[in-house]
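# quick one, structure for this:
(one chain, ligands or ions: 1)
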Amino acid sequence: MNKLNLICLFLLMIVTDLFANNSDFYKSGREILGEMVAIESTEAMGLASTVSEYAGTVLLDNGFTSADIEVVGPTEEAKGLYAIYRGQSSAEPVIVMAHIDVVPAVKESWITDPFKMTEIDGFLHGRGTSDNKAGAAGLIATFAKLRAEGFIPKNDIIMLLTGDEETGMQSIRYFRENYKNVQNAAFALNSDGGYLTGTMDDPEAFRLQSAEKVYFSVTLTAKNRGGHSSIPRKDNAIYDLADAIKKIQQFNFPISLNQTTRATLEFSMKDANDSEKSEMNMILNGIQKDYKLLEKDPEMNALTRTTCVATKLEGGHAENALPVSATATVNCRLLPQDDSDEVLSIIRGLAGDEIVVSPITNVRKSPASPITDEIVELISSSIDTTFPGLPIVPTMSTGATDAIELRSNGVPVYGTSAMMTDPTGYRGHGLNERIEITAFNATLDFWYALMKQL
Ligand SMILES: [Zn+2]
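Below is the predicted model:
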């Protein structure tokens, strides 16, 4: 055998070894995911604590000690997992997080048992396979692999698995209020936010979730002296309320961009036609007007402004009586830079003096997390092994995850699920939730490459 052949053989051995290691890694990630899916951790079943205990056991079996792990939470049912991967320094720890509760599944309507992970045509089906047990399994498998390799991070890595993200978010608040490491974290990476667009063969972008809109609901109530419906008057609680909510329907909150939504909009320009492009340019330049683009694209509209919409209605007390009261609930989603008091006073102004407007949500401000070069570099170098050169596009969610509870405490949070969108569209919370096996493996590679840099 000549020298060149020897080198080739040596290289082949390295590649084969790498592949073998990775296939073990993928296999263990998948096993952990399957075990977690099998525990029905819905609110009604109250079993998030069981998933946390299971996750703790896996870490104990893989080189972590009981001093590194706590299964704790605000209630018996919603216990989460706090696990620490000790680094060279305990200053400025980095949080990696996932939630392990799931929304219910109507078993009869699924093609598989939602609580038994099943492989069909290259996809793993089951409740939580994408939201968010895949994320949790990825974090656990990565901790185990790094520990087996003797890796020691520069800073402590804190893993938080939370027990009630879908319902109350008390679990993340519990960690926030009781753990110094959570309060002092340099930043957090949330596997429950962000995603990849495109397909596994043709990826388009890494959507890095760096902001979330803030939830804020109010009620509008109209009161009236009432009377007999056989002698109606023009003043009427139901009509008065209808007038008020009509005003809210017609009103558009001012357009306002932040660093995140500006970057999203700039990226969207590449697929836009000329007239859309010119509108996008005007939006980017801060020009307030009624844009066709925002009228026909509710998602884009929700990204560029605070929105408020009527969601519930009740009123009247008898078929044959003039109503003495009527109430509507209006749900607002505030841009992180907008202020709830200002929104409230705008709604009061629209509704008029006769309508009582009362907030029913306590709002905590939750600012967008800054997109720094350091974060972008960390993400791009971690995804590069799987998808070289993938653009990193900051994204704001219109809904909220656990992340909002840390951002409101001054900890920047980045949603970095690195999970490719399902080719048929997002199925989390819906029927036949699933994850493509290659996409799941890619998230494992991503977390591994990322944590190695921490
Ligand atoms: Zn989720």
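# domains in the chain, as residue ranges please.
22-193+401-452, 214-359 (automatic domain parsing).
# same list, those, but as TSV with mean neighbour count and mean pLDDT please.
(Each C-beta comes from the backbone N, C-alpha and C, glycine too.) Shown next, in TSV, are the domains of the chain (neighbours: other C-beta atoms under 10 Å; pLDDT from 0 to 100):
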stretch	mean neighbour count	mean pLDDT
domain 22-193+401-452	20	96
domain 214-359	16	97
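# out of these, nearest to the ion?
With C-beta to the ion as the criterion, the ion lies closest to domain 22-193+401-452 of those, at 4.1 Å.
# now that closest one, how far from the chain's geometric center?
The chain centre lies 12 Å from the centre of domain 22-193+401-452; the measure is C-alpha atoms, centre = their mean, to the nearest Å.
# from one end of it to the other, what's the distance?
Distance across domain 22-193+401-452, first residue to last, is 15 Å (C-alpha to C-alpha, to the nearest Å).
# ok, now stretch 289-300?
Distance across stretch 289-300, first residue to last, is 15 Å (C-alpha to C-alpha).
# please apply the same query to stretch 413-426.
Using C-alpha to C-alpha, the end-to-end distance of stretch 413-426 comes to 22 Å.
# rewinding a little: can you redo the domains of the chain as JSON lines with distance to the ion?
Shown next, in JSON lines, are the domains of the chain (distance: least, C-beta to the ion, whole Å):
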{"stretch": "domain 22-193+401-452", "distance to the ion": "4"}
{"stretch": "domain 214-359", "distance to the ion": "15"}
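# Ile379: which of these is closest?
Proximity to Ile379 (C-beta to C-beta) singles out domain 22-193+401-452 among the domains of the chain, at 6.2 Å.
# what's the closest of the domains of the chain to Leu390?
Closest among these, using C-beta to C-beta: domain 22-193+401-452, at 9.7 Å.
# which residue packs closest to Leu454, ignoring adjacent ones?
Spatial nearest neighbour of Leu454, chain neighbours left out: Pro153 (4.7 Å); criterion: C-beta to C-beta, 6 or more residues apart in numbering.
# got a list of contacts for the strand or helix carrying Thr395?
Thr395 is part of strand 392-397 when elements are defined by DSSP states H and E. For strand 392-397, the external contacting residues (C-beta atoms under 8 Å, 6 or more residues apart in numbering) are 193-194, 205-213, 258-261, 263-264, 267, 303, 336, 368, 371, 376, 379-380, 383, 415.
# does the residue nearest to Leu454 touch Ile84 like I think?
No. Between Pro153 and Ile84 there is no contact under C-beta atoms under 8 Å: 10.6 Å.
# which residues of this protein fall in helices?
All helices of the chain, identified by DSSP state H, fall at 3-37, 48-61, 133-148, 170-178, 180-183, 237-250, 259-268, 274-284, 292-296, 298-304, 340-351, 373-383, 403-407, 437-452.
# what about those helices, which gets the closest to Gly315?
helix 237-250 (5.2 Å).
# so which elements touch the closest one?
Judged by 3 or more C-beta pairs under 8 Å, 6 or more residues apart in numbering; DSSP states H and E, helix 237-250 is in contact with strand 214-223, strand 307-315, strand 325-334, helix 340-351, strand 355-359.
# that older thread, distance to Pro388 for the domains of the chain - can I get that in TSV?
Formatted as TSV, the domains of the chain follow (distance: least, C-beta to C-beta, whole Å):
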stretch	distance to Pro388
domain 22-193+401-452	12
domain 214-359	18
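# can I get the helices and strands packed on helix 237-250 in a markdown table including distance to Asp445?
Compiled in a markdown table, the helices and strands packed on helix 237-250 are given as follows (distance: least, C-beta to C-beta, whole Å):
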| stretch | distance to Asp445 |
| --- | --- |
| strand 214-223 | 34 |
| strand 307-315 | 37 |
| strand 325-334 | 34 |
| helix 340-351 | 41 |
| strand 355-359 | 45 |
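# and the closest residue to Ser109 other than its chain neighbours, what does it touch?
Spatial nearest neighbour of Ser109, chain neighbours left out: Leu431 (5.7 Å); criterion: C-beta to C-beta, 6+ apart. Contacts for Leu431 (C-beta under 8 Å, 6+ apart) come out as 105-106, 109-110.
# and Glu43, by the same measure?
By C-beta under 8 Å, 6+ apart, the contact list for Glu43 reads 77, 101, 104, 164, 166-167.
# 10 Å instead, please
Applying C-beta atoms under 10 Å, 6 or more residues apart in numbering, we find Glu43 in contact with 77-78, 101-104, 163-164, 166-168.
# before we move on, what about Asn331?
Residues in contact with Asn331 (C-beta under 10 Å, 6+ apart) are 215-218, 307-312, 360-361.
# nearest spatial neighbour of the residue nearest in space to the middle of the chain, skipping sequence neighbours?
Centre of the chain computed as the mean C-alpha position; nearest residue by C-alpha atoms, centre = their mean is Gly193, 3.6 Å away. Using C-beta to C-beta, 6+ apart and skipping residues adjacent in sequence, the residue nearest Gly193 is Gly415, 1.9 Å away.
# likewise for Ile355?
Spatially, and ignoring its direct neighbours in sequence, Ile355 is nearest to Ala244 (4.7 Å; C-beta to C-beta, 6+ apart).
# same check on Phe446?
Among residues not flanking Phe446 along the chain, Ala418 sits closest, at 4.0 Å (C-beta to C-beta, 6+ apart).
# shouldn't the one you found be in contact with Asp384?
No. When contacts are counted by C-beta atoms under 10 Å, Ala418 is not listed as touching Asp384 (11.6 Å).
# overlap of the contact sets of these two?
Shared contacts of Ala418 and Asp384 (C-beta under 10 Å, 6+ apart): 390, 446, 449.
# now those as TSV including distance to Gly128?
What follows is the shared contacts of Ala418 and Asp384, written out as TSV (distance: C-beta to C-beta, whole Å):
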residue	distance to Gly128
Leu390	26
Phe446	19
Ala449	24
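# just the closest of the residues you listed to Glu342, please.
Leu390 (38.2 Å).
# relative to Gly194, how far out is that closest one?
Separation of Leu390 from Gly194 (C-beta to C-beta, to the nearest Å) stands at 12 Å.
# which of the two has more residues huddled nearby?
Taking neighbours as other C-beta atoms under 10 Å, Leu390 and Gly194 compare with Gly194 leading, 25 against 19.
# for that one, give me its contacts.
206-210, 379, 392-395, 397, 403, 414-419.
# what sits closest to it if chain neighbours are left out?
Gly415 (3.6 Å).
# check contacts around the one you found.
By C-beta under 10 Å, 6+ apart, the residues touching Gly415 are 97, 135, 188-195, 207-212, 369, 394-397, 401, 403.
# of these, which belong to strands?
Assigned to strands by DSSP state E, the following of the contacts of Gly415 qualify: 97, 188-190, 195, 207-212, 394-397.
# what sits against the nearest residue to Leu161 once chain neighbours are set aside?
The spatially closest residue to Leu161, leaving aside those adjacent along the chain, is Leu81, at 4.1 Å (C-beta to C-beta, 6+ apart). If you count contacts by C-beta under 10 Å, 6+ apart, Leu81 has them with 48-49, 51-56, 58-59, 69-73, 98, 100, 136, 139-140, 159-163, 171, 175.
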